[in-house]
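Novice: next input, structure requested:
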Amino acid sequence: MSRVIVAGSGIAGLTAALHLSGRHTVTLVTKGRLGESNTEWAQGGIAGVIGPDDTVDSHIADTLTAGAGHCDPEAVRFLCEAGGDAIVSLAEAGVDFDTDPTGAWARGIEGAHSYPRIFHSGGDATGWAISTALAQKLRTEVAAGRITLLEDTMLVDILTTGAHERRQGRATGDVTATGVTVLREGRVEALAADAIVLATGGVGQLFAHTTNPAAATGDGLAAAIRADAKVSDLEFFQFHPTALPGPGFLISEAVRGAGALILDEHGHRFMTDIDDRAELASRDVVALALHRRQAAQDGRPCFLDARAVPDVQATFPSITAGLAAHGLDLSRDLIPVTPAAHYFMGGVTTDRDGRTSIHGVFAIGEVACTGVHGANRLASNSLLEGAVFAARAVDAIDAQSTHTNDADLAFEDSVNHELPLPQFGSFHQAALTRNELQALTWAHLGVERTAEGLRTLLDRLGDGARGGFVPGDGARSGDRSTNPAAPSVQALETANLALIARHMARHALAREHSLGAHTRTDTHTGTTLTSHTALLQEATAC
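Specialist: Model (predicted):
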């Protein structure tokens, strides 16, 4: 029985903690309340093959096509083959999926899917239903003493042996994790662990316009970067085409799947001019088309027209209520929409079982780069990835070193007073305010990018500074007197965002051709998506 710390309480973190419960000493750490995550906000459904008219091979092909040839085919196969069982497991955990008139689970279609294979709960409240069901099961495990839950506890850093020596070029062995530091009740504490599961979600708050909740600040990714974990594909960030301008309220792709159209300011349905799939083209294509059409309109928004969708308010009750709060009616109004930062395809590099380059550290969900999303995520594959790869990571944790601790180890016993805490003098405040950073990244790391813009961003960020906590050289956790002034959660988050922005900009600068969600307007050679050329022609013609 190992000590395992799970950081994050979206679908990936909750699934991992529940599967680990009873077999390991599990502590789940979450920055806010239990379940507060992108999962809870997910309006779209979960994709999977259930039924004789669809095939796993078709789901695989759609995922690979959306990923623009950049996916790991074997990881995609693992994902799609496990899809049906993962959805059944969620139903067994208490998720009430919507049914059709025959009583069977209803299936919807979304962009770039060949068949209806999207399962929803509550119409457009699938993420909330999944989060609620899994969080309830986890609280049951907490009450039984099988899981320790630490809410309002922010992951700060991963503690390792060998990382400092490797950075200095003096080590040849593997880096091994020994625990984490967390910010809790205004103090930084060290927690020892044999395995750490990063499930901290995405980094949408890096951008001025995002569909993500306020907590999506990339804490796990930043901690992994500081620990010198390998990261991949940071240039690939998906922008959802249809968010409400200003608040970033998401209008799910399922609305377009039900028949809604995208119109420019003159009422012209322009997606039919761009791609044969029109509004149901992959998200990179639709977002880029919207972005360029709006630029041709001097920044004025395009519109989503769902007025002809049957029973649209009943089908999408959460979206209906959200739009009503802004004075809009999905059944009567044209809804202004704009692209917004939505999902990170890149992240901490993992193998197909969630292992990272640091021994004992696993990454699952949006913080991980498993290879299944490639350069552009297929709609509704994200919840599926969280469930499937969480289960695979748990199997890998079971298989790794079984050195044990007391099965009844309490939380206070897991605070190892020999683990080093970071020295706050090593904490680098971000050079920019949060708003300044978000405006810069939107301008230079947004839907379209240029080398000049990326270099401007790196210059403004002071490229080269590590940012955040530098672990390994600070005070011991028992020496509280040397550690009196912990930075705030907000300061830590902004430092994390700035660190990630630097790495994203470097990756985007290195990839000189457009691919999937990464669009370089200064170089176009090497693109694998002919739609990018069509979009360039369309933008010129406007």
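
Novice: helices and strands around the biggest helix by length in the chain, which ones?
Specialist: Longest helix in the chain, counting residues (DSSP state H): helix 489-510. Helix 489-510 sits against strand 153-161, helix 219-226, helix 434-444, helix 451-461, with contacts defined as 3 or more CB pairs under 8 Å, 6 or more residues apart in numbering; DSSP states H and E. Any C-beta I mention is one placed from the backbone N, CA and C, and that applies to glycine too.

Novice: of these, which approaches residue 287 most closely?
Specialist: helix 434-444 (13.3 Å; CB to CB).

Novice: same question for the closest one, mean pLDDT?
Specialist: Per-residue pLDDT values over helix 434-444 give a mean of 96.

Novice: got the buried residues for that helix?
Specialist: 434, 437-438, 440-442, 444 (16 or more other CB atoms under 10 Å).

Novice: which of the residues in the longest helix of the chain are buried?
Specialist: 489, 492-505, 507-509.

Novice: over to stretch 35-45?
Specialist: Neighbour-count burial for stretch 35-45 flags 35-45 (criterion: 16+ other CB under 10 Å).

Novice: again with stretch 231-247
Specialist: Buried residues in stretch 231-247, counting neighbours by 16+ other CB under 10 Å, are found at 231-245.

Novice: among these, which are in strands?
Specialist: Within the buried residues of stretch 231-247, residues falling in strands by DSSP state E are 231-232, 237-243.

Novice: and residue 522, which of the helices and strands packed on helix 489-510 is closest to it?
Specialist: helix 451-461 (5.6 Å).

Novice: how is residue 129 assigned, secondary-structure-wise?
Specialist: Counting by DSSP: H, G, I helix; E, B strand; the rest coil, the backbone at residue 129 sits in helix.

Novice: which non-adjacent residue is nearest it?
Specialist: residue 121 (3.7 Å; CB to CB, 6 or more residues apart in numbering).

Novice: does residue 382 touch residue 344 like I think?
Specialist: No. Taking contacts as CB atoms under 8 Å, residue 382 lies outside contact range of residue 344: 9.9 Å.

Novice: joint contacts of these two?
Specialist: Residues touching both residue 382 and residue 344 by CB atoms under 8 Å, 6 or more residues apart in numbering: residue 366.

Novice: residue 518 and residue 236 touch, don't they?
Specialist: Yes. Contact criterion CB under 8 Å: residue 518 and residue 236 qualify, at 5.5 Å.

Novice: now do the shared contacts for these two.
Specialist: Contact criterion CB under 8 Å, 6+ apart; residues shared by residue 518 and residue 236: residue 375.

Novice: so which pair among the buried residues of stretch 35-45 is furthest apart in space?
Specialist: Using CB to CB, the pair of those lying farthest apart is 36 and 45, separated by 20.5 Å.

Novice: now the strands for the stretch 301-450 of the chain?
Specialist: For the stretch 301-450 of the chain, applying DSSP state E, counting those that start in this stretch gives strands covering 302-305, 335-344, 347-349, 361-363, 368-369.

Novice: any chance of TSV for the ones you listed, columns mean neighbour count?
Specialist: Converted to TSV, the strands of the stretch 301-450 of the chain look like this (neighbours: other CB atoms under 10 Å):
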stretch	mean neighbour count
strand 302-305	22
strand 335-344	25
strand 347-349	26
strand 361-363	29
strand 368-369	28
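
Novice: mind putting those strands into a markdown table with distance to residue 107 and mean pLDDT?
Specialist: Shown next, in a markdown table, are these (distance: least, CB to CB, whole Å; pLDDT from 0 to 100):
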| stretch | distance to residue 107 | mean pLDDT |
| --- | --- | --- |
| strand 302-305 | 22 | 98 |
| strand 335-344 | 22 | 96 |
| strand 347-349 | 29 | 98 |
| strand 361-363 | 30 | 98 |
| strand 368-369 | 27 | 98 |
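
Novice: ok, back up a step: next, the angle strand 237-243 makes with the longest helix of the chain.
Specialist: Using axes from the mean of the first three to the mean of the last three CA atoms, to 10 degrees, one finds that helix 489-510 and strand 237-243 are set 110 degrees apart in direction.

Novice: centre of the chain to helix 489-510, how far?
Specialist: Mean-position distance between helix 489-510 and its chain equals 15 Å (CA atoms, centre = their mean, to the nearest Å).

Novice: and stretch 112-125, by the same measure?
Specialist: 19 Å.

Novice: what are the buried residues along it?
Specialist: For stretch 112-125, a neighbour-count test (16+ other CB under 10 Å) marks 112-113, 117-125 as buried.

Novice: pLDDT below threshold where in this protein?
Specialist: For the chain, the stretches with pLDDT under 70 are 162-173, 401-430, 463-485, 524-542.

Novice: and for residue 455, the neighbour number?
Specialist: Using other CB atoms under 10 Å, the number of residues around residue 455 comes to 14.

Novice: who's in contact with it?
Specialist: Residues near residue 455 by CB under 8 Å, 6+ apart: residue 509.

Novice: separation between it and residue 500?
Specialist: Distance from residue 455 to residue 500, counting by CB to CB, to the nearest Å: 18 Å.

Novice: just residue 58 next, same as before
Specialist: Residue 58 is 35 Å from residue 500, by CB to CB.

Novice: do the same with residue 329
Specialist: With the distance defined as CB to CB, residue 329 ends up 38 Å from residue 500.

Novice: same deal with residue 178?
Specialist: For residue 178 relative to residue 500 (CB to CB), the value is 24 Å.

Novice: before we move on, what about residue 272?
Specialist: 37 Å.

Novice: hmm, residue 98 and the residue nearest to residue 129 touching each other?
Specialist: Yes. With contact defined as CB under 8 Å, residue 121 counts as touching residue 98 (6.1 Å).

Novice: for the stretch 201-350 of the chain, which segments count as helices?
Specialist: Remark: helices assigned in the stretch 201-350 of the chain by DSSP state H, counting those that start in this stretch are 219-226, 253-257, 283-296, 312-315, 317-324.
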